[in-house]
Structures are given as C-alpha cells and as structure tokens.
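In: Please work out how this folds:
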Amino acid sequence: MTAAKKGSDNPRSTYAVPEEVFREVYDSPHALPGKERWVTSDEDVRQIEKLLGMDEKTIGAPLWVSGDTRRCPQCGRETNWLDIVGSALKRIHDPRMIARVILGERKFVNTEAPRAITDLHCFDCGAEITDLRSFKCHNWAYAMPQMEDVLARITKQAGA
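Out: Reported below is the predicted structural model:
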C-alpha cells in the first residue's frame, strides 16, 4: 500500500477515485489481475481488526486479493489482507489510515498490477510474498460517526 512520492517516476501508487471509476475497475472480482482471486478469511479479518485496535466484526466488507499463487511459498499460509496490513504497519502506515481505507466512503484502487505488490511479507513466517498483484475491498461507507468512534479508540489504544 505504498504511494509513489511526488516527482518520482515510480508508476505504482494507490489513488482515491470517484465512485464510477471504482465500479468500472473493481466492482467485479474478475477484474482483478493474476491467476487466482480470493477473499480474506473471516479469521484473518478478525486478526486485522485486532492489529488495528478495532472491535470484533467492525469490518464487514469482503477484503479481496488476487495473485498468481494463493499461499506463502515458505509456510503455506493463504496470503491475504492480513499480510498487506501487517506489512504496511511495520513500514509505512498508521493504523488510523488503514482503518479509513477499509471503513471509509472513499474508494481506492491500487495500480501495482500487473506487477506484484512490493515490500510484502507473510504475517506468520515473514517470508517475502512476491506475486500478490492486487487488493480491494467493497467498502460500504461505514457511518461517519461510527467510523470516528473507531478511529478515536485506535488513537487511544496507540497512546497517540
């Protein structure tokens, strides 16, 4: 979930897009690049909520991923949003920003495809994941006051 720096010639980035662009590009899981497409398991979504300091069942939208293989090359765990969130938290992103992406009303499209997402590691064993191509969530615009409550709890737990 890295964004290209201003002035960079790096074509990889994640952009907030209008609803019509989001629907065109990402409404169907079949639009995702890679040999396989799948949804993050409920167990791993619950783990993402814990990592972000959210109450259980806060995330209700399917968290899609696609790539050329579904499993970590080292431990065999199914690759998904847990790896993306875990990797992002270790390097770049604040939990509140990730929560806004998953729960918010803005729609996001990542443009790594057809190349693999970079700096991604297995949440369980830490092995590099080299062929996850895309991620998305059909975020159904969490009610703003409820989202602000979630973000306030995350901030409080983080001690920020």
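In: got a list of contacts for stretch 126-134?
Out: With CB atoms under 8 Å, 6 or more residues apart in numbering as the test, stretch 126-134 has contacts from 32-34, 64-69, 72-75, 79, 83-84, 110, 112-117, 120-122. C-beta: built from backbone N, CA, C; applies to glycine.
In: Report the buried members of those.
Out: 32, 34, 64-67, 72, 79, 83-84, 110, 112-113, 116-117, 120-122 (16 or more other CB atoms under 10 Å).
In: In strands, which of the residues you listed fall?
Out: Trp64, Val65, Ser66, Gly67, Asn110 (DSSP state E).
In: and the nearest residue to the first one once chain neighbours are set aside, how many neighbours does it have?
Out: Excluding the flanking residues, the one nearest Trp64 by CB to CB, 6 or more residues apart in numbering is Lys136, at 4.9 Å. Other residues near Lys136 number 24, with proximity taken as other CB atoms under 10 Å.
In: Lys136 - that's part of a helix, no?
Out: No. The assignment for Lys136 by DSSP: H, G, I helix; E, B strand; the rest coil gives strand, which leaves it out of any helix.
In: hang on, it packs against Ala61?
Out: No. The criterion here is CB atoms under 8 Å, and Lys136 misses it with Ala61 at 9.6 Å.
In: how far does stretch 64-83 sit from the chain's center?
Out: Counting by CA atoms, centre = their mean, to the nearest Å, stretch 64-83 is centred 13 Å from the centre of its parent chain.
In: Figure out the length between the terminal residues of that stretch.
Out: 12 Å (CA to CA, to the nearest Å).
In: Show me what that stretch is in contact with.
Out: For stretch 64-83, contacts defined as CB under 8 Å, 6+ apart pick out 29, 32-41, 44-45, 47-48, 51, 63, 84, 116, 120-125, 127, 129-138.
In: Quick one: mean pLDDT over the longest helix belonging to the chain.
Out: Using DSSP state H, we find that the single longest helix of the chain is helix 144-158. For helix 144-158, the mean per-residue pLDDT is 70.
In: for that helix, packing partners?
Out: Counting contacts by 3 or more CB pairs under 8 Å, 6 or more residues apart in numbering; DSSP states H and E, helix 144-158 is packed against helix 95-103.
In: thinking again about what came up before, of the ones in strands among the buried ones among the contacts of stretch 126-134, which pair is most distant in space?
Out: Spanning the widest gap among these are Gly67 and Asn110, at 12.4 Å by CB to CB.
In: I'm done for today, thanks for sticking with me.
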